[in-house]
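J.: Turn this into a model:
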Amino acid sequence: MPAVVQLPAGKALTVRGAADVFLDSLGNPNTVRNYGIGVGKTAERIGEARPLASVADDEIGGALETLWGRSAANTWNARRASVLSWLGWCRERGYDGPAVPAWASRMPPPDSQTPARSKMAVDRLIARREVALREKTLWRMLYETCARAEEILDVNIEELDLAGRRAPVKAKGAAARRRGGRVREDFVLETVYWDAGTARLLPRLIKGRTCGPVFVTHRRPGPGKVVSPRDVCPDTGLARLSYGQARALLDEHTAVGGQPGTGWDLHEYRHSGLTHLGERGASLLMLMAKSRHRKADNVRRYFKPSPEAIAELTSLLAPGDARR
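T.: The predicted model follows:
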């Protein structure tokens, strides 16, 4: 059940009071922190001491426009959504107040700027002799599963189905839920699948280990660092490889001119895998099943056909005798 919040009684609810009780009602600390930015700054802009009922809709829109009108679409949408939730929460509890005006509408997210690497470039990078087995396996697995890097890095050896070439991963968006006054993590497990490339590398990587993280660092955690038992290999004492470490390793091998921060990003394997599947004729529904997206628009922005693929498609429109 949601937390019960005592609302001020006997007097008009001020903008600051409305913001405070709304944020106090949120159980997830991450949600409080993210919503607190949009709600807090908007409350400051329109006047924290004012009665909430005295605020006009256009004032809310004006505050959003002033604060985040020049921001990226995703930032605007996030701040707008937090204010929308705040004001809707107040109305549901019987307090008069403004709403986000229609003209302050949600902005369509831009096309993803993450590039799609060619299959040849992916294969060549993984085949390089100086690339360690751990990185080869991680990159090949990311490419073949089209999974998010965080999902693959979180997999443990005991969760792998090597014969079936699959493994369950914790889905994006898993949230903490409150049960009986205690916060408990509710996870949605989804299955990712890999093929022959990963199947050849995985057994070599985990040889001699029976449980613990698939991808581990080359050093044991320091004496002052607290690490969950699940994130430590019981056979070697090595800790789980973090996203930051994995990203730095990829950048090191792909940096342009040796300049840090100019190399590939881990998410490019997901983009590239989905793009190559689309170029080979995979339907939108199959791409959604592979990527585990719920909305078709989210898959379309991943799919960036190469010029060669577009040229080959265009050749289908040639006169009947031109392609003979």
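J.: Ramachandran angles for A81?
T.: Main-chain torsions, A81, degrees, to the nearest 10: phi -60, psi -40.
J.: Report how many residues lie close to it.
T.: 15 (other CB atoms under 10 Å). (Glycine included, C-beta is placed from N, CA and C.)
J.: Use 47 as the first number for this chain going forward.
T.: Sure thing, new numbering starts at 47, so read that last one as A127.
J.: Need the three-state assignment for G73.
T.: Using DSSP: H, G, I helix; E, B strand; the rest coil, the structure places G73 in coil.
J.: What ranges does the stretch 197-346 of the chain have for its helices?
T.: With helices called from DSSP state H, counting those that start in this stretch, the stretch 197-346 of the chain shows them at 242-251, 289-300, 313-325, 330-337, 342-346.
J.: what's in contact with the last one?
T.: Which is helix 342-346. Contact partners of helix 342-346, identified using CB atoms under 8 Å, 6 or more residues apart in numbering, comprise 320, 330, 333-334, 337, 339.
J.: Of all the helices of the stretch 197-346 of the chain, which one comes closest to D103?
T.: helix 342-346 (28.4 Å; CB to CB).
J.: separation between L320 and M334?
T.: For L320, the distance to M334 equals 10 Å [CB to CB, to the nearest Å].
J.: quick one: which of these two has more around it?
T.: Applying other CB under 10 Å to L320 and M334 shows that L320 carries more neighbours, namely 22 against 18.
J.: Pretty sure Y348 is one of the things that one touches, is it not?
T.: Yes - counting by CB atoms under 8 Å, Y348 is a contact partner of L320 at 4.6 Å.
J.: tell me, what's touching these two both at once?
T.: 333, 337.
J.: rewinding a little: which of the helices of the stretch 197-346 of the chain has the lowest mean pLDDT?
T.: For the helices of the stretch 197-346 of the chain, mean pLDDT drops lowest on helix 342-346, to a mean of 80.
J.: just the helices of the stretch 197-346 of the chain: most buried one?
T.: helix 313-325 (a mean of 22; mean count of other CB atoms under 10 Å).
J.: now the angle from that one to helix 289-300?
T.: Using axes from the mean of the first three to the mean of the last three CA atoms, to 10 degrees, the inter-axis angle of helix 313-325 relative to helix 289-300 is 70 degrees.
J.: so what secondary structure elements neighbour helix 313-325?
T.: helix 165-173, helix 179-191, helix 195-199, helix 330-337 (3 or more CB pairs under 8 Å, 6 or more residues apart in numbering; DSSP states H and E).
J.: Compute the first-to-last residue distance for stretch 265-284.
T.: 6 Å (CA to CA, to the nearest Å).
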